[in-house]
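Novice: Please work out how this folds:
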Amino acid sequence: MDRRSILKHAGVAGVLAAGAAPAVHAQATIRWRLASSFPKSLDTIYGTAEVFSKKVSECTGGKFQISVHAGGELMPAFGVVDGVQSASVEMAHTAPYYFYGKDPTFCLGCAVPFGLNARQMNAWMYEGNGLKLMREFYAKYNIINFPGGNTGAQMGGWFRKEIKSVADLKGLKFRTNPFAGRVLEPFGVIPQSIPGADLYPALEKGTIDALEWVGPYDDQKLGFNKVAPFYYYPGWWEGGPQLDFYINTKAWEGLPAEYKAVVEASASHANISMLAKYDARNPVAIKQLVGSGTKLRPFTQDVMNAAFKSAQQIYADLNNSNPEWKKIYPDYSKFLADQNAWFRFTEGTFDRFMQAQKL
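Specialist: You can find the predicted model right below:
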């Protein structure tokens, strides 16, 4: 019986029995290292890289192994772009806005103040021009990217004192992402850039006056409520921050086609998994935090308005001064405007009604 006859009559079980296994299982074993920007204690963010690695292994019968290393283990948490660019590691898992100092354009691949929410970010990446435009930018760093998780809209952070007006921000040493820090600088805020693993001691010792990380589930794990009583919302600087898997271009090009497909599918799986975890766990954590004495506070309207105005001025300045930004931001901005017009009639109206009901 020839091979064509086997394929026609035997089905998958017959093919495997006849020794004609799928090509992916015939590949040689490949081992990569992934440098995370996050500590192992965070099962959501750090754990997303493990979800990805596990799925890659499962889909290749163990032939493609990717070991995951916490921030600081192989390189500093904020050094992973350099690590991937130089091929010190094959890949990384990080929040692109950490690399504002290299180029603010990185932030468009993650979150910018008053930007896309998580669903809108996925839409821009997968069905809009987001993935195409960001890959053109990342090519200059020898990187190809894949969406690698989203936290959803974040909280505004933990403060030792109440913020009742813009005036209360003056002199505040606030750990936040670099772009948000720039927006807040005109109001006298002193932005601080500190990796996740070092946040609690910085707040406890008074090195900083306030900080923001993600939201209730992670923040409770890290114990911020023990050293700061006021918990503000919303985190207007990251309405839908996307994390990324960064892969060295040469390492990516060296993969067989089957493994490239596995990486793409595994990244999509991890991307969805992370947001689902946060959406499931944050409601429980916020109730526990409030029950233990945390004081929830919304940012006042004057703070929100002033921050929005500051952000729009920065975007205008970048359009005039940064060619890389200007290649991407107009497309991002138009997509955001269209999405908000649509969500205004559907998601927004539905959410406002449902959140007013007693369930």
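Novice: residues contacting Met121?
Specialist: Neighbour list for Met121: 111, 130, 147, 150, 240, 242 [criterion: Cβ atoms under 8 Å, 6 or more residues apart in numbering]. Quick note: C-beta positions are derived from backbone N, CA and C, even for glycine.
Novice: list the contacts for Pro195?
Specialist: Taking Cβ under 8 Å, 6+ apart, one finds 37, 39, 71-72, 76-78 in contact with Pro195.
Novice: Return the subset of the contacts of Met121 lying in helices.
Specialist: Residues of those located in helices (DSSP state H): Gly130.
Novice: In strands, which of the contacts of Met121 appear?
Specialist: Among those, the ones falling in strands (DSSP state E) are 147, 150, 242.
Novice: would you list those in TSV and tack on distance to Met274 and neighbour count?
Specialist: Converted to TSV, the ones in strands among the contacts of Met121 look like this (distance: Cβ to Cβ, whole Å; neighbours: other Cβ atoms under 10 Å):
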residue	distance to Met274	neighbour count
Pro147	10	23
Asn150	6	26
Gln242	10	29
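Novice: out of those residues, who's nearest Asn271?
Specialist: Pro147 (4.6 Å; Cβ to Cβ).
Novice: Over to the residue nearest to that closest one when sequence neighbours are not counted. Which of the three states is it?
Specialist: Spatial nearest neighbour of Pro147, excluding adjacent residues (Cβ to Cβ, 6 or more residues apart in numbering): Asn271 at 4.6 Å. Three-state assignment for Asn271 (DSSP: H, G, I helix; E, B strand; the rest coil): helix.
Novice: tell me the contacts of Asn271?
Specialist: Residues in contact with Asn271, defined by Cβ under 8 Å, 6+ apart, are 122, 146-150, 242.
Novice: which residues of the stretch 151-300 of the chain score low on pLDDT?
Specialist: Scanning the stretch 151-300 of the chain for pLDDT under 70 picks out nothing.
Novice: change it to 90
Specialist: Within the stretch 151-300 of the chain, the ranges that satisfy pLDDT under 90 run 193-197.
Novice: any chance you could map the helices in the stretch 151-300 of the chain?
Specialist: Using DSSP state H, counting those that start in this stretch, the helices of the stretch 151-300 of the chain run over residues 178-184, 199-205, 216-222, 249-253, 257-291.
Novice: wait, which of these is closest to Ile314?
Specialist: Nearest to Ile314 among the helices of the stretch 151-300 of the chain is helix 178-184 (6.2 Å), distances taken as Cβ to Cβ.
Novice: Can you add distance to Leu318 and give the contacts of Asn271 back as CSV?
Specialist: CSV is the format used below for these (distance: Cβ to Cβ, whole Å):
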residue, distance to Leu318
Asn122, 24
Phe146, 25
Pro147, 23
Gly148, 25
Gly149, 26
Asn150, 23
Gln242, 19
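Novice: three-state assignment of Asn319?
Specialist: Of the three states, Asn319 takes helix under three-state DSSP.
Novice: Quick one: residues contacting the nearest residue to Tyr141 once chain neighbours are set aside.
Specialist: Of all residues not flanking Tyr141 in the chain, Gln85 sits nearest, at 4.8 Å (Cβ to Cβ, 6+ apart). Residues in contact with Gln85 (Cβ under 8 Å, 6+ apart) are 141-143, 248.
Novice: Kindly reformat those as TSV containing distance to Leu359 and secondary structure.
Specialist: Compiled in TSV, those are given as follows (distance: Cβ to Cβ, whole Å; DSSP: H, G, I helix; E, B strand; the rest coil):
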residue	distance to Leu359	secondary structure
Tyr141	47	helix
Asn142	50	coil
Ile143	45	strand
Asn248	48	strand
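Novice: a markdown table for those residues, including neighbour count and distance to Ala257?
Specialist: Below are the contacts of Gln85 laid out as a markdown table (neighbours: other Cβ atoms under 10 Å; distance: Cβ to Cβ, whole Å):
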| residue | neighbour count | distance to Ala257 |
| --- | --- | --- |
| Tyr141 | 20 | 24 |
| Asn142 | 18 | 21 |
| Ile143 | 22 | 20 |
| Asn248 | 23 | 18 |
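Novice: Looking at these, which is nearest Trp325?
Specialist: In terms of Cβ to Cβ, no member of the contacts of Gln85 lies closer to Trp325 than Tyr141, at 15.3 Å.
Novice: so that closest one sits right up against Val81, yeah?
Specialist: Yes. Counting by Cβ atoms under 8 Å, Tyr141 touches Val81, with 6.3 Å between them.
Novice: need the ones in strands among the contacts of Met121 in TSV with distance to Met91, can you?
Specialist: As requested, the ones in strands among the contacts of Met121 are exported to TSV (distance: Cβ to Cβ, whole Å):
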residue	distance to Met91
Pro147	14
Asn150	19
Gln242	16
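Novice: and which of those residues is nearest to Gly215?
Specialist: Closest to Gly215, out of all of the ones in strands among the contacts of Met121 and judged by Cβ to Cβ, is Asn150, at 11.8 Å.
Novice: So in terms of bridging, what pairs with that closest one?
Specialist: Beta-bridge partners for Asn150, by DSSP bridges, are Gln242.
Novice: what residue lies at the spatial centre of the protein?
Specialist: Nearest to the mean C-alpha position of the chain, by Cα atoms, centre = their mean, lies Leu243 at 2.4 Å.
Novice: Kindly export stretch 296-315 (C-alpha atoms) in CSV.
Specialist: Only the C-alpha atoms of stretch 296-315 are listed here, as CSV (Å, rounded to 0.1, in the frame of the first residue of the first chain):
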residue,chain,number,x,y,z
LEU,A,296,-11.0,53.8,47.7
ARG,A,297,-11.0,57.2,46.1
PRO,A,298,-11.6,58.4,42.5
PHE,A,299,-9.2,60.9,41.0
THR,A,300,-11.0,64.3,41.0
GLN,A,301,-12.3,65.7,37.8
ASP,A,302,-9.8,68.5,37.8
VAL,A,303,-6.9,66.0,38.1
MET,A,304,-8.4,63.9,35.2
ASN,A,305,-8.9,67.0,33.0
ALA,A,306,-5.5,68.5,33.7
ALA,A,307,-3.8,65.1,32.9
PHE,A,308,-5.8,64.7,29.7
LYS,A,309,-4.8,68.2,28.5
SER,A,310,-1.1,67.5,29.4
ALA,A,311,-1.2,64.2,27.5
GLN,A,312,-2.6,65.7,24.4
GLN,A,313,0.1,68.4,24.4
ILE,A,314,2.8,65.7,24.6
TYR,A,315,1.3,63.8,21.7
